[in-house]
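[1] Okay, predicted coordinates and the sequence, questions at the end:
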Amino acid sequence: MSVPYETAQEPERSPESPEDHLTRLLGRALNSFELPDETIRRLECALAYDGSLHSALHSAGLRRETYRHTWLLADGSALTLWELVHTTVPGAEPQHEVYVDEEELRTATERLPLPPDTPALDLAALTQLSVVPRMRPAYIRENSADHARRLLRRAENADRPGAEISALLAAAAGHRITQAFGRPSRTSRPGLRFSLYAHAFLLDGGRELTLWEVEHTATPDGRHMCEVYETEDAARNAMERRAAQVP
């Protein structure tokens with residue numbers, strides 16, 4: 001059942017304008033800079049807004065909620081953004097993220113750590129696990145070049161793919177994301193986790209180019225960090241190096 005985003009007890013529509021809702025959403029989302037510029041431009045002229053709770057999970061002191069934000073545009077079409085609200089440590093302030101489609105939302109949700117009562121796992125053992133064979137998802141045929149641009153823009157490693165790869169991906173005709181490895185690492189540091197994602201891009205002539213994204217919190221202050229590599233081996237080696245540096 002749809003629940004108004006503003007409050008579960010007050011069903012009346014908020015008097016705020018569609019632009020006000022957009023401003024507040026972008027202001028609280030940690031990754032709002034990743035949204036395509038074209039999406040922001042379209043939303044700035046929206047005529048109406050509606051928000052609803054899409055899903056919620058509260059377990060072992062952790063909070064995980066997703067919200068659907070939809071704007072009616074001047075041309076009569078609708079544009080939806082998906083908000084993920086979560087905590088990675090019981091009792092902590094919730095973090096907000098925003099995504100342009102459900103696939104990105106689903107991928108982001110899978111990156112979240114398991115509840116603290118999950119059995120302990122060893123990172124070294126997990127990195128040796130073989131991936132269970134599965135059908136690869138179909139290519140997404142929209143905004144693939146923009147997806148590549150945002151992926152490379154958020155990469156913080158000095159040896160990330162350079163200008164030559166960026167030029168190839170500027171003409172990408174399709175993309176898909178699959179999770180190769182992603183679990184919390186139960187070490188002495190609470191909330192430490194590693195995730196590995198394969199971003200495959202369809203190029204001219206049917207060629208495929210895959211970039212490997214490592215997301216982790218093995219940073220001095222425990223913040224989230226993204227690294228991107230051209231090969232799976234380089235990405236897995238980076239995970240092992242980061243894990244070895246954790247006290």
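    Structure received.
[2] which SS class is the residue positioned nearest the centre of the chain?
    Nearest to the mean C-alpha position of the chain, by CA atoms, centre = their mean, lies residue 108 at 3.6 Å. Taken by DSSP: H, G, I helix; E, B strand; the rest coil, the conformation at residue 108 corresponds to helix.
[3] Hmm, it is touching residue 98, no?
    No: in this structure, residue 108 is not within contact of residue 98 by CB atoms under 8 Å, at 9.6 Å. Any C-beta I mention is one placed from the backbone N, CA and C, and that applies to glycine too.
[4] Now do the shared contacts for those two.
    residue 84 (CB atoms under 8 Å, 6 or more residues apart in numbering).
[5] Tell me which helix or strand comes right after the helix or strand of the chain with the lowest mean pLDDT, heading toward the C-terminus.
    Using mean pLDDT, DSSP states H and E, the weakest-scoring helix or strand in the chain turns out to be helix 123-127, at a mean of 37. Sequence order places helix 144-154 as the next helix or strand after helix 123-127, per DSSP states H and E.
[6] burial of residue 31, as a residue count?
    Other residues near residue 31 come to 18 when the count uses other CB atoms under 10 Å.
[7] same check, this time on the one 4 residues further on
    Residue 35 is surrounded by 19 other residues when neighbours are defined as other CB under 10 Å.
[8] if I look at residue 163, how far off is residue 17?
    Note on residue 163: its distance to residue 17, by CB to CB, to the nearest Å, is 41 Å.
[9] what's the domain layout of the protein?
    18-110, 123-245 (automatic domain parsing).
[10] Over to the shortest one now: how far is its first residue from its last?
    Right, the one you point to is domain 18-110. Across domain 18-110, the terminal residues are separated by 30 Å (CA to CA, to the nearest Å).
[11] average pLDDT across that domain?
    Average pLDDT, domain 18-110: 85.
[12] How about stretch 236-244, which residues are buried there?
    236, 238-239, 242-243 (16 or more other CB atoms under 10 Å).
[13] Tell me how far that stretch lies from the chain's centre.
    How far stretch 236-244 lies from its chain's middle: 21 Å, per CA atoms, centre = their mean, to the nearest Å.
[14] Run the chain-centre distance for the top helix by length along the chain.
    Using DSSP state H to assign secondary structure, the helix with the most residues in the chain is helix 232-245. Relative to its parent chain, helix 232-245 has a centroid offset of 20 Å by CA atoms, centre = their mean.
[15] Please list all residues in contact with residue 216.
    Applying CB under 8 Å, 6+ apart, the residues near residue 216 are 192-195, 224-225, 227, 239, 242.
[16] Which of those sits closest to residue 176?
    Nearest to residue 176 among the contacts of residue 216: residue 195, at 16.6 Å, using CB to CB.
[17] mind listing the strands for this structure?
    Using DSSP state E, the strands found in the chain span residues 48-59, 62-72, 78-86, 95-99, 174-184, 193-202, 208-216, 225-229.
[18] Report the rounded mean pLDDT for the last one.
    The one in question is strand 225-229. The model assigns strand 225-229 a mean pLDDT of 92.
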